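Enquirer: Whatever this is, show me its structure:
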Amino acid sequence: MDREGTTSGGGKRMDRRNAVFIISVAARLVDLHPSTLRKYERCGLLDPPSRQSGRLRLYSPEDITRLRQIKALVEERGVNLAGVELALAITERAKLLRDLAIAETDPDRLRRHCHMLAEDMLRVLDATRRTASTDGGTQDANPSDVTAADTRRAE
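Expert: Predicted coordinates for the structure are as follows:
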């Protein structure tokens, strides 16, 4: 890596602060096996990590925080991976709501955005309910398919 944090050999640009832990170190930091991190990535619970020269997975501090959240939900709360996916989707939207409440000064816009985020959260929950009621466990909708970007369209 050069001083700007880019990979040598023309690889994808990455900031050292955002992708600093290789998979073995990341796994040790959260006390999980590296294969568990790869499983969470395959399941969509964790975004694919940056890669150095296309090979080594590099995890950011934000990835480590998310892994700790996933681990706590699974091990301490007994939540299955589908429940973790739902909890993460709702958490993401709640954070957006919190940030919106801080940043928005126009009460009418704030009310519209809050309403849209609430509707978005209800769609996520409804998609989960439909999934649970379908025959054979086939998935009707994925909670992470409903994005918070939909809530920004009212601007």
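
Enquirer: Am I right that Arg57 falls within a strand?
Expert: Yes. Counting by DSSP: H, G, I helix; E, B strand; the rest coil, Arg57 is found in a strand.

Enquirer: so what's it bridging to?
Expert: Arg57 forms beta bridges with Arg51, as assigned by DSSP bridges.

Enquirer: Tell me who's in contact with it.
Expert: Ile22, Ile23, Ala26, Leu37, Pro49, Ser50, Arg51 (Cβ atoms under 8 Å, 6 or more residues apart in numbering). (Glycine included, C-beta is placed from N, CA and C.)

Enquirer: per-residue confidence at the nearest residue to the fifth one once chain neighbours are set aside?
Expert: Nearest in space to Pro49, with sequence neighbours left out and distances taken as Cβ to Cβ, 6 or more residues apart in numbering, is Arg57 at 4.3 Å. Each residue has a pLDDT score; the one for Arg57 is 87.

Enquirer: For Ile90, see how far away Arg57 is.
Expert: Using Cβ to Cβ, to the nearest Å, one gets 27 Å for the distance from Arg57 to Ile90.

Enquirer: now, among the contacts of Arg57, which is nearest to Thr65?
Expert: Thr65 lies nearest to Ala26 out of those, by Cβ to Cβ, at 11.2 Å.

Enquirer: elements contacting the host helix or strand of the closest one?
Expert: Per DSSP states H and E, Ala26 falls inside helix 23-30. With contacts taken as 3 or more Cβ pairs under 8 Å, 6 or more residues apart in numbering; DSSP states H and E, helix 23-30 sits against helix 34-43, strand 56-59, helix 61-71.
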